[in-house]
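Engineer: Task: produce atomic coordinates for the following.
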Amino acid sequence: MRLKNLIIFLMIPFCAMAQDEPSGERHPLFRNDSILKAVLTAPISQAYAQRHQDVRIYYPGQWTYIDEDGETKRLQASIRTRGHFRREVCQFPPLQLNLKKSEVKETLFAGQNKIKIVAPCKEGDRYQQYVVLEYLAYRILQILTDHSFSTRLVRLSYVDRDEQLEPWTDIAFLIEDDSDMAKRLGLDRLHLNSVLYAQLDHPRTAIAQVFQFMIANNDYSVIKPSGDDDCCHNIQLLGVEEAEDGVIPVPYDFDFSGFVNASYAAPPSQIPVRDVRDRYFYGLCQSRPILDAAIAHVQSKREEIFALLDTTPELDEKIREKSIEYIEEFYEVIDSPELTDKVIIGRCRGEDLMKRHFDIATD
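Structural biologist: Got it, this is the predicted structure:
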């Protein structure tokens, strides 16, 4: 082992432990895991009608919720449709909530401004469960690292002011704003056209990509340029502005994962599998000490992850059993050095980049 690799190896335990250290305080909305009860009253049908437009305006409405003292609170809230794929194909396109900062002070929503709502794509229990499973994917990542989006489940009732839609109630969840997440972690949101391998924070990248393998999600990219758009697909980049390295990829948007197993999901064309439930590691190659530390960290969170799956009441019992079994299959892989070599190390991308970056000798 060369000197540089030895230094990395000795530092790995401290890098892994850093994942558990608390960062900045979360906003009040995300300090509680209990399900929030809320009502959205707005011209929802008008907002939905704009779903295919590139420029979409906010429609004024009201957000009513039950706070932790059991009191009913009302806030002014505007809505508009958001997202890409789901905005185009879903019966109920996802919405963004825009609150007035002057109103939210000293409320559960203190510090909130624009909040993403993730709700069922279509009617039916199956689509409700997709939302619960995607919420759980976010929660699993929160267990693994503070470098993740905070979330909050909500039992949300919709009232269309124009009365074009009948009132309905869904299980949905709210996602922490990316600027709030960056501020909580003491970092900057980075807007880059592409990311070089050498720029990444590799211990945290390894944990993020082992997590993606856990939930069988390949609908993302870490270093792939995306034309004129900022890099990267379904990844928020965090770091320090102008720094040459230390870029941390934070995953989001997991509805195309095998863990969620949505009926509309399909593997990316470059992945040689036909079913999203089939795991295929498409992450970047890492030095063995870094990968081993990431795997050890994920192994140390096993019981906490299974406890989460076992105690989420909104999850259907049959789906709960299948979900636990699916995550158990992942642990069978990373518990086996032989399977880890074959399924993760044997399929990782950028081996030459890894060897040059970590100065690893070629046999």
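Engineer: Let me see the ranges of the helices in the stretch 151-300 of the chain.
Structural biologist: Defined through DSSP state H, counting those that start in this stretch, the helices belonging to the stretch 151-300 of the chain, from first to last, are 178-184, 202-214, 288-300.
Engineer: And those: which comes nearest Ile79?
Structural biologist: Nearest to Ile79 among the helices of the stretch 151-300 of the chain is helix 178-184 (18.8 Å), distances taken as C-beta to C-beta. Yep, even glycine has a C-beta here, placed from its N, CA and C like the rest.
Engineer: which other residues reach that closest one?
Structural biologist: Contacts to helix 178-184, defined as C-beta atoms under 8 Å, 6 or more residues apart in numbering, come from residues 23-27, 111-112, 148-150, 176, 188-189, 236, 238, 250.
Engineer: still on that earlier bit, tell me the most buried of the helices of the stretch 151-300 of the chain?
Structural biologist: Mean neighbour count (mean count of other C-beta atoms under 10 Å) peaks for helix 202-214 among the helices of the stretch 151-300 of the chain, with a mean of 24.
Engineer: any low-confidence regions in the stretch 251-363 of the chain?
Structural biologist: For the stretch 251-363 of the chain, the stretches with pLDDT under 70 are 361-363.
Engineer: no no, the stretch 101-250 of the chain
Structural biologist: Scanning the stretch 101-250 of the chain residue by residue, the ranges that satisfy pLDDT under 70 are 224-230.
Engineer: contacting residues for the residue nearest the centre of the chain?
Structural biologist: With distances taken as C-alpha atoms, centre = their mean, the residue of the chain nearest its centroid is Tyr252 (2.8 Å). For Tyr252, the residues meeting the contact criterion (C-beta under 8 Å, 6+ apart) are Tyr138, Phe149, Ile175, Asn234, Ile235, Gln236.
Engineer: I'd say the fifth one and Val250 touch.
Structural biologist: Read that as Ile235. Yes. Taking contacts as C-beta atoms under 8 Å, Ile235 lies within contact range of Val250: 6.7 Å.
Engineer: all strands for the stretch 201-350 of the chain, in order.
Structural biologist: If you assign secondary structure with DSSP state E, counting those that start in this stretch, the strands in the stretch 201-350 of the chain sit at 235-239, 248-251.
Engineer: most packed of those?
Structural biologist: strand 248-251 (a mean of 24).
Engineer: Which residues does that strand contact?
Structural biologist: 141, 147-149, 181, 187, 195, 200-201, 204-205, 208, 211-212, 217, 220, 222, 232, 234-239.
Engineer: strands paired with it, and their directions?
Structural biologist: For strand 248-251, the paired strands and their directions (DSSP bridges) are strand 235-239 (antiparallel).
Engineer: Enumerate residues external to the partner strand that contact any of its residues.
Structural biologist: With C-beta under 8 Å, 6+ apart as the test, strand 235-239 has contacts from 147, 149, 178, 181-182, 185, 187-192, 195, 201, 220-222, 231, 246-252.
Engineer: Give me the distance from that strand to the chain's centre.
Structural biologist: 12 Å (C-alpha atoms, centre = their mean, to the nearest Å).
Engineer: What is the neighbour count of the nearest residue to Ser257 once chain neighbours are set aside?
Structural biologist: Here the nearest residue to Ser257 in space, its sequence neighbours aside, is Asn217; by C-beta to C-beta, 6 or more residues apart in numbering that works out to 3.6 Å. For Asn217, the tally of surrounding residues (other C-beta atoms under 10 Å) stands at 26.
Engineer: before we move on, what about the one 3 residues further on?
Structural biologist: Residues near Tyr220, counting by other C-beta under 10 Å, number 23.
Engineer: Using neighbour counts, give me the buried entries of the contacts of helix 178-184.
Structural biologist: Burial by neighbour count, 16 or more other C-beta atoms under 10 Å: within these this picks out 26-27, 111-112, 148-150, 176, 188-189, 236, 238, 250.
Engineer: export these to TSV and tack on distance to Asn98?
Structural biologist: Formatted as TSV, the buried ones among the contacts of helix 178-184 follow (distance: C-beta to C-beta, whole Å):
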residue	distance to Asn98
Arg26	20
His27	16
Gly111	14
Gln112	10
Ser148	23
Phe149	18
Ser150	18
Glu176	15
Asp188	23
Arg189	19
Gln236	20
Leu238	24
Val250	23
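Engineer: Going by distance to Asp33, which of those residues wins?
Structural biologist: Distance ranking of the buried ones among the contacts of helix 178-184 against Asp33, using C-beta to C-beta, places Ser150 first at 10.2 Å.
Engineer: Quick check on Glu244: phi, psi?
Structural biologist: Dihedral angles phi and psi of Glu244 (degrees, to the nearest 10) take the values phi -90, psi -10.
Engineer: contacting residues around it?
Structural biologist: Ala198, Gln199.
Engineer: What separation do you get for it and Cys121?
Structural biologist: Separation of Glu244 from Cys121 (C-beta to C-beta, to the nearest Å) stands at 41 Å.
Engineer: Lys73 now?
Structural biologist: Between Lys73 and Cys121 the computed distance is 29 Å (C-beta to C-beta).
Engineer: neighbour-wise, which of the two wins?
Structural biologist: Neighbours per residue (other C-beta under 10 Å) separate Lys73 from Cys121, with Cys121 holding more: 22 against 16.
Engineer: Kind regards, and thank you for your time.
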